[in-house]
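In: I'd like to go over a predicted model; first the sequence, then the structure.
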Amino acid sequence: MNIESLNNDTCLNSELAYKQTDILKSCKKPYVISGWERCKDKKVERNCRACLKIYEGKQLTELLEQNKDLIKFSKVFMENLSSLVKDSGFVVVLADSKARILEVMGNERILKDFLHNLNFVKGACWDEEHVGNTAISTAIIERQPVQICGPEHYCELHRNWTCSAAPIIWDGEVIGVLNVSGLNRDVHPHTLGMVVAAAHAIETEIKTEKAKNELMIKNKLQDALVESMSDGVLLVDKNGYVGFINEIGADILGVNRTNAIGKHITELVDFRPVVLEVLRTGVGYVDKEFIVKNTKGNTIHFIKTAVPIRDENGELVGVVDTFRKIQRVQKMVNDMVGAYAKFTFDDIIGNDDKFKECIRLAKIAAESSSNVLIQGESGTGKELLAHAIHSSSSRRKEPFITINCAAIPRELIESELFGYQGGAFTGAFKNGRSGKFELANGGTIFLDEIGEMPLDMQVKLLRVIQEKQFNRIGGSNIFNADVRIICATNKNLYEECNNGNFRWDLYYRLNVLSIETVPLRDRTSSIIELSEYFVQKINKKLNKRVKGIDKSVLDYFLEYDWPGNVRELENTIERAINVCEGEKITHKDLPKSIFKVDDTNNDFAGKTVRSAEDYKIESLEELEMRQILKVMKLTDGNISRSAAVLKTSRNTIYNKIKKY
C-alpha cells in the first residue's frame, strides 16, 4: 500500500492523516507498516471506539473451557509478571490464538480505564477487524514478539497506549499470546524482554507438563500391557532387588505384589532363584522348565525365560524374568494341535435297539469319572463314542488326547505316554518333552488299540492308574495324573488275558464301564439313514451334487454284511460319488470288492452278497498272512526290519505270527 494514499481517507481529518503519515514514514518496524496495510484493506475505521465483539455468558464459559490448560499454565507467570509491573501502571493480558482475551490482571486504576474506554475485558475479541492493529493481533499474525507504541496504533483511540506482546507457541502452532499494556508515556524498552521471557517460560511449562503426561500415559500403557499378559513378569536390578512384578507373577510365586517391590529376590522364594545365576554370568535362557515350591508350600511347574538388560556401555543393569505355569503352555499346545473332542452324541446316527443300548451305556459313562473300555470290530465307531463321552462329561472343557498304541514303536511308547527329561537318551530334546498324560492333565486320554500295548508298558500304565502319579523318563520329579482313561480295542481282551497277551490286573482296572459297539450287519435299520447322511457329507467335501442312491443299491446295502462296518460304508459311498456321472449312485459306481460278480451280467442279476467270512478270508487274513511271510523272507526273519517295512510295531508282528 502507498503510504501517501492514507491522506485520501475521508474518515480522518487532515491533521490526523498528516500525523499518521509522518509516523509511518519514520517507522522502522515492518510489522507496524504491514499491520496498517491490512487494516486499510479490511476497511477498519481509524476513529473506531471500544471493542464491540465480546463473548459473554455461555459463549464465554465455553471459550474459557476450551483454553483451560493454557490459562492454567500461564496464570502463575502472569501473576509474577503483574507483581513486577502493576505499580508502573501496566496490566498483563492473556489471549488465545484468535486474539480473544482469556485473562486480565494488573494495576486496578488502569484496568478501570481500560474497562470503561476500551472494553479490554475477558471475552473481548482483540483482532484487527474489530480494534485495528495491536500488539496482541500482530504477535499472532507475525509469530514473533512485537511492541506497538502510541501513534503506531492504527486506531486513534489506542494512541495513548503502549503494548508489548509475545506469541506462545506449541508444536509449531500459535496457541496464545501474552501481552503487557500501559500508558504510552510509561513505555520502557525492557518491557518486551520481560514479556518474551514469560512467554518462553509458559512454553517450557507446557512442554514439561505435556512430556510428564505423555510419560505417565506411556507408563500406564506399559503397565496395562504387562498386566494383560498371561505370563508372570519379574524385573530385578543388578543387585537382585525386585523393581517390578505383575499380578500374574505374584500369584504364581505366591507373594504379595506390593510387599515384593524393593525386596531382594531371595526374600520372596524358598529356593535359590536362577535369576541370580543370570546376574552372575550375564547369560540368559529361553523357555527353561522348572519345578519348585513357592512360599505357600505349593509345587509350581513353570516355563521361564530370562533376558539380561544392559546399558549403553554394555554393563549389566538387571534381568527381566518371564514365566508361565506349565498348564497354560500345555493348553496352548492342545489348542494348536486341536486336542479336544470333535464329536458329541448328536453326531452319532442310528435307531436300532442294540445301538440305542450302546448309546445309553455311553451316556452313563459320560456322567461318571470311572475308566471306560470300548470293545468292538474295526469301523464300528469306537473313537466316535469316546469323543462323545468326553464331550458330555464334566471334563468337556479340558483336553482330549488320543494315542494309538499300535502305531507307536515299542521303544518309544513310554516316552510318548509319560515324556522325558532333557538328555534322558540319545536323540532326546535338550529341554525334554511332555508326554500325553501331562498334556491330558485335567481331561481325558483315549488309548486306542490298547490290546496292542506291550506287556512291559502295561505294568507301567497299571502303576499310573493305581497311584495317579508318574515320572518322566530320566526325571525324578513326580507329576500328578488327573486324567480320565478311555480305552478301545477290536480284540477280545478277556481272551487276550487267557492267552497271556494282556495283564488281568490291568484288564480289571480298565474294564470298569464296558461298552460293546454294534457291527453294522446287526443294525441294518440304520444303513439307509447313514447312507443318506454320508451322501450329504461327501457331496459337501467333494463339491459334488449327487442327489441320492438308487433304490436297488440301497436294497443291496441292506443285504450286504459290511465286514468293514460304518467305515466301509462311508468309503464305499465316497468312492461311488467320485465316479458317479448321473444324479444317483447306481451299481456301476460301486467297487467290485463288495460283490461276487458274474461277469456276463451288467446288473445285479447274478451278483450275490459276499459274506463277512468270505471277505475276511480273501481280503484280510489270507492276504495279511501272505504279506507278512513275504516280508519276513525278504528280511531273513528279522522282526524289527519286518515291522519297519510293514510300518507297524514289533509287538504286532509277534502277535500275527502267533495267530497264523
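Out: Okay, I see it. Nothing here was measured: the structure is a model prediction, and the numbers come from that model.
In: contacts, neighbours, all on C-alpha from now
Out: OK.
In: show me where the stretch 301-450 of the chain has strands.
Out: Along the stretch 301-450 of the chain, counting by DSSP state E, counting those that start in this stretch, strands occupy 316-325, 372-375, 400-404, 444-448.
In: Of all the ones you listed, which one comes closest to V236?
Out: strand 316-325 (5.5 Å; CA to CA).
In: That closest one - contacts with which helices or strands?
Out: Counting contacts by 3 or more CA pairs under 8 Å, 6 or more residues apart in numbering; DSSP states H and E, strand 316-325 is packed against strand 232-237, helix 247-253, helix 275-281, strand 299-310.
In: Just checking: what are the partner strands of that strand?
Out: Sheet pairing of strand 316-325 (DSSP bridges) gives strand 232-237 (antiparallel), strand 299-310 (antiparallel).
In: Least confident of the ones you listed, on average?
Out: Among the strands paired with strand 316-325, strand 299-310 carries the lowest mean pLDDT, a mean of 81.
In: Just the CA trace of that one, in CSV.
Out: The C-alpha coordinates for strand 299-310 follow below in CSV (Å, rounded to 0.1, in the frame of the first residue of the first chain):
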residue,chain,number,x,y,z
THR,A,299,4.6,-77.1,43.9
ILE,A,300,4.8,-74.9,40.9
HIS,A,301,5.8,-76.2,37.5
PHE,A,302,6.5,-73.5,35.0
ILE,A,303,8.4,-72.4,31.9
LYS,A,304,10.8,-69.4,32.3
THR,A,305,12.7,-67.0,30.1
ALA,A,306,15.3,-64.7,31.5
VAL,A,307,16.7,-61.7,29.5
PRO,A,308,19.7,-59.7,30.8
ILE,A,309,19.3,-55.9,30.5
ARG,A,310,22.4,-53.8,29.6
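In: what does it rub up against?
Out: 252, 275, 278-279, 282-294, 316-327, 329 (CA atoms under 8 Å, 6 or more residues apart in numbering).
In: Same question for stretch 216-226.
Out: Taking CA under 8 Å, 6+ apart as the rule, stretch 216-226 contacts 233, 246.
In: cool, stretch 130-147 as well?
Out: For stretch 130-147, using CA under 8 Å, 6+ apart, the contacting residues are 31-32, 35-36, 39, 44-46, 48, 50-53, 95, 97-99, 126-128, 148, 153-155, 162-167, 174, 176-179, 192, 196.
In: I'd like to know which of the residues you listed are buried.
Out: 31-32, 35-36, 39, 44-46, 48, 50-51, 95, 97-99, 126-128, 148, 153-155, 162-167, 174, 176-179, 192, 196 (16 or more other CA atoms under 10 Å).
In: From the residues you listed, which land in strands?
Out: In strands, defined here by DSSP state E, the members of those are 95, 148, 162-167, 174, 176-179.
In: Could you identify the most distant pair in these?
Out: So, these by CA to CA: farthest apart are T162 and V174, at 22.3 Å.
In: Can you classify D505 by secondary structure?
Out: helix (DSSP: H, G, I helix; E, B strand; the rest coil).
In: OK, contacts around it?
Out: Contacts of D505 by CA under 8 Å, 6+ apart are L462.
In: Compute the distance between it and V44, please.
Out: Distance of D505 to V44, given as CA to CA, to the nearest Å: 110 Å.
In: can you pull out the helices in the stretch 501-650 of the chain?
Out: 504-510, 527-542, 551-559, 565-579, 612-615, 622-634, 639-646, 650-659 (DSSP state H, counting those that start in this stretch).
In: hey, which of those is tucked in deepest?
Out: Neighbour counts (mean count of other CA atoms under 10 Å) averaged over each of these peak at helix 565-579, with a mean of 18.
In: Now do that helix and helix 527-542, the angle between them.
Out: Interaxial angle, helix 565-579 versus helix 527-542 (axes from the mean of the first three to the mean of the last three CA atoms, to 10 degrees): 50 degrees.
In: Tabulate the helices of the stretch 501-650 of the chain (TSV), appending distance to K592 and mean pLDDT.
Out: Formatted as TSV, the helices of the stretch 501-650 of the chain follow (distance: least, CA to CA, whole Å; pLDDT from 0 to 100):
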stretch	distance to K592	mean pLDDT
helix 504-510	41	95
helix 527-542	18	92
helix 551-559	13	91
helix 565-579	10	93
helix 612-615	12	44
helix 622-634	17	74
helix 639-646	26	76
helix 650-659	28	75
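In: what's near enough to touch V44?
Out: Counted by CA under 8 Å, 6+ apart, V44 has contacts 128-132.
In: Could you tell me which of those are located in helices?
Out: Mapping the contacts of V44 onto helices (DSSP state H) picks out 128-131.
In: so which of those is the most crowded?
Out: Using other CA atoms under 10 Å as the neighbour test, the ones in helices among the contacts of V44 are led by V131, with 27 neighbours.
In: what's around G432, how many residues?
Out: 19.
In: S640 and L646, how far apart?
Out: 10 Å.
In: Low-confidence regions, the stretch 201-350 of the chain specifically.
Out: 226-228, 230, 270, 293-299, 326-339 (pLDDT under 70).
In: What remains of the contacts of strand 299-310 if I keep only buried residues?
Out: Of these, these count as buried by 16+ other CA under 10 Å: 252, 275, 278-279, 282, 284, 289, 292-294, 316-327.
In: ok, W504 - contacts?
Out: C497.
In: how about 10 Å then?
Out: 493-494, 496-498, 510 (CA atoms under 10 Å, 6 or more residues apart in numbering).
In: go on, L542?
Out: 574, 577-578.
In: quick one, domains of this protein?
Out: Following the assignment in automatic domain parsing, the chain carries domains at 3-211, 229-333, 338-516, 520-610, 616-659.
In: Can you convert those domains into JSON lines and add a column each for distance to I217?
Out: JSON lines is the format used below for those (distance: least, CA to CA, whole Å):
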{"stretch": "domain 3-211", "distance to I217": "10"}
{"stretch": "domain 229-333", "distance to I217": "18"}
{"stretch": "domain 338-516", "distance to I217": "38"}
{"stretch": "domain 520-610", "distance to I217": "52"}
{"stretch": "domain 616-659", "distance to I217": "61"}
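In: circling back to that earlier point, what's the closest of the strands of the stretch 301-450 of the chain to R185?
Out: Comparing the strands of the stretch 301-450 of the chain by CA to CA, strand 316-325 comes nearest, at 64.0 Å.
In: The residue nearest to G475 when sequence neighbours are not counted: how many residues sit nearby?
Out: Leaving aside its sequence neighbours, G475 sits nearest to Q421 (CA to CA, 6 or more residues apart in numbering; 5.5 Å). Neighbour count for Q421, taken as other CA under 10 Å: 22.
In: Now for the closest residue to S514 other than its chain neighbours: which residues touch it?
Out: What sits nearest to S514 in space, not counting adjacent residues and going by CA to CA, 6+ apart, is L373, at 4.9 Å. Counting by CA under 10 Å, 6+ apart, L373 makes contact with 382, 386, 446-448, 450, 485-489, 493, 507-516.
In: mind listing what's buried in whichever strand or helix holds I136?
Out: In the assignment (DSSP states H and E), I136 maps to helix 135-142. Residues of helix 135-142 classed as buried: 135-141 (neighbour count, 16+ other CA under 10 Å).
In: what's around P563, how many residues?
Out: 24.
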